[in-house]
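Trainee: Take a look and give me a structure for this.
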Amino acid sequence: MERIYSIFDYFKEAFQINRSNKNVYRPQFMFIGIRLLMLIGMGIWVYSWIDKININTFTGEDALYFVIPYIITLVLILIAYGIISVILESGLYNMYKKAILLGKCEKTDFSEGVRKYFFKFFLGKIIIFLAWVVISPIYLITGVITLSLGFTLVPLLVDIFLTMWKISLVMNDSKLFDGFKDSFKFAKLNLLPLSILQIIHWAFVKGISSSGSVGNFSNVGNTFNYRTNTGDFPIPFKDINIDREQFVNIILKITKIVIAVLIPVITIAALAAALVKMLFEVFFSLVLFIAYTNKFIPSEIKMVEEVQNNVV
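Mentor: Numbers count the residues shown, from 1 in each chain. Sure thing, here's the model as predicted:
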């Protein structure tokens, strides 16, 4: 139980380090700004794409040439977003390392981290992605057999055993696969406290990411029930004489209006969620660094070991 209780000591230590190292938030603010610009750009891109659609867009000979450039653009945007995310993470992890070891971090630590760890982080993420592709059939079968419990349990277990690979890589300046091995070893030795820490991390950080995703669809079923009970479900444009092209144009205009309204709404909601998530993400990252450094050994035992080592 002492190992579990030590988590609360790590929370206190992380809070103090966080207060005295505000530099870690500067790269995060820049990343949030870039992400919002990309979100707005994608909204404008979708709006302009719909603006060029007509009834013959997907039926004519040029349909393939119309769709492919937009698909390529979307893929390039997603790749750019992934690269920027890795840049941010590799720089921040070096700042966390300096904050833990030296008690403070500098702005230059970010660029140093990008130079030292970007390619290792990028390659590691690719390996993890490919591993997920390989085990995805097993993951799906497990989820179905366990009545969807596996869909939550398997990702949680993977996260637990891969929690420390980047931290190990940064703290030890080790090779990529040494970081993976060290992460598995650390998880096996500290499975219970690390699991509790990851569950807390999921509840706060990933809960914020998914909040509001359900939306207000609870009344949809009631609406359909009402319509069904009346026995007269209305068909749109039932009594209106309108040809196919006019109907498509009306739908496209309505879609453009909806997108124009949603762009600022989604941007504001994404900004609020990103700021809250940033605070929790920095805090829990520092906690993980502290946990890795202390290996969940209670402070009293750690002090005794240090005294014994000094005596020897």
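
Trainee: Endpoint to endpoint, stretch 102-112 covers what distance?
Mentor: End-to-end span of stretch 102-112 (C-alpha to C-alpha, to the nearest Å): 15 Å.

Trainee: er, stretch 19-27 actually
Mentor: By C-alpha to C-alpha, one end of stretch 19-27 lies 16 Å from the other end.

Trainee: Run through the stretch 151-300 of the chain and note the low-pLDDT ranges.
Mentor: Within the stretch 151-300 of the chain, the stretches with pLDDT under 70 are 206-245, 248, 298-300.

Trainee: now the helices: where do they sit in it?
Mentor: Using DSSP state H, counting those that start in this stretch, the helices of the stretch 151-300 of the chain run over 165-172, 176-189, 191-201, 207-210, 220-230, 244-294, 299-311.

Trainee: Mind putting the ones you listed into CSV with distance to I145 and mean neighbour count?
Mentor: Heads up, the C-betas are built off the backbone N, CA and C, glycines and all. As requested, the helices of the stretch 151-300 of the chain are arranged in CSV below (distance: least, C-beta to C-beta, whole Å; neighbours: other C-beta atoms under 10 Å):
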stretch, distance to I145, mean neighbour count
helix 165-172, 29, 21
helix 176-189, 24, 17
helix 191-201, 22, 17
helix 207-210, 24, 14
helix 220-230, 29, 10
helix 244-294, 32, 16
helix 299-311, 42, 10
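
Trainee: Can you lay out the ones you listed as CSV showing distance to L36?
Mentor: Formatted as CSV, these follow (distance: least, C-beta to C-beta, whole Å):
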stretch, distance to L36
helix 165-172, 25
helix 176-189, 32
helix 191-201, 24
helix 207-210, 15
helix 220-230, 30
helix 244-294, 6
helix 299-311, 41
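
Trainee: K52 is nearest to which of these?
Mentor: The minimum distance between K52 and those falls on helix 244-294, with 9.9 Å, by C-beta to C-beta.
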